[in-house]
Every structure is written in C-alpha cells, then in structure tokens.
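K.L.:
sequence? don't have it. structure:
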C-alpha cells in the first residue's frame, strides 16, 4: 500500500508517493475496504460509544476521526473567530 504525502509548505500542488508507515498499516488495510475509506463503520461506532459512555477520546483518535470524516465529505471544517 502507498500513501500520498503533501509537504507542509506550498499550496498542495505536489506530493510524494511513499510507503505507509508500519504503525498505520493496520488502519489503512481496514479502511481500504470501505468506500471513501474514511467513514469506516467501526470508527464511527467507536467514537459514538465513547461519547455515550461519557468518555473523552484521546487527541490522536479525535483528530483522526475528524480528518477521516472531512475527507469523506461527511463534515466540513470551518473557520470560527
């Protein structure tokens, strides 16, 4: 599996194709089977379980879930002042 890596500088017009880091392979394989990848039913259910249990997700999980949902077009990030 390959990953697309955009540099942090510039306007996002160029990217590199790199191997997916080992620590992300399991998640990548799981998401590869879902249309849009990002809206994994497992991920959505897990975040809902945390919410209903009153448990705050760790920052990494929360950021990953927001990113996946944004990429899938399920949510839209906005700028709030």
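P.N.:
Perfect, thanks for sending it. The model shown is predicted, which means the values in this text are computed figures rather than measured ones.
K.L.:
following the chain past the least confident helix or strand in the chain by mean pLDDT, name the next helix or strand.
P.N.:
Least confident helix or strand, the chain: helix 41-53 with a mean of 77, by mean pLDDT, DSSP states H and E. From helix 41-53 onward toward the C-terminus, using DSSP states H and E, the following helix or strand is helix 59-71.
K.L.:
buried residues in that next one?
P.N.:
64-65, 68-69 (16 or more other Cβ atoms under 10 Å). No exception for glycine: its C-beta is placed from N, CA and C like everyone else's.
K.L.:
follow-up on the earlier one: report all helices and strands that the least confident helix or strand of the chain contacts.
P.N.:
helix 59-71 (3 or more Cβ pairs under 8 Å, 6 or more residues apart in numbering; DSSP states H and E).
K.L.:
who's in contact with the least confident helix or strand of the chain?
P.N.:
Here helix 41-53 makes contact (Cβ atoms under 8 Å, 6 or more residues apart in numbering) with 30-31, 34, 56-57, 61-62, 65, 68.
K.L.:
closest to residue 7 out of those residues?
P.N.:
residue 68 (21.3 Å; Cβ to Cβ).
K.L.:
against residue 50, how distant is residue 62?
P.N.:
9 Å (Cβ to Cβ, to the nearest Å).
K.L.:
what is the lowest-pLDDT residue among the contacts of helix 41-53?
P.N.:
On pLDDT alone, residue 34 ranks lowest of the contacts of helix 41-53, at 55.
K.L.:
still on that earlier bit, can you pick out the most distant pair from the contacts of helix 41-53?
P.N.:
34 and 56 (25.6 Å).
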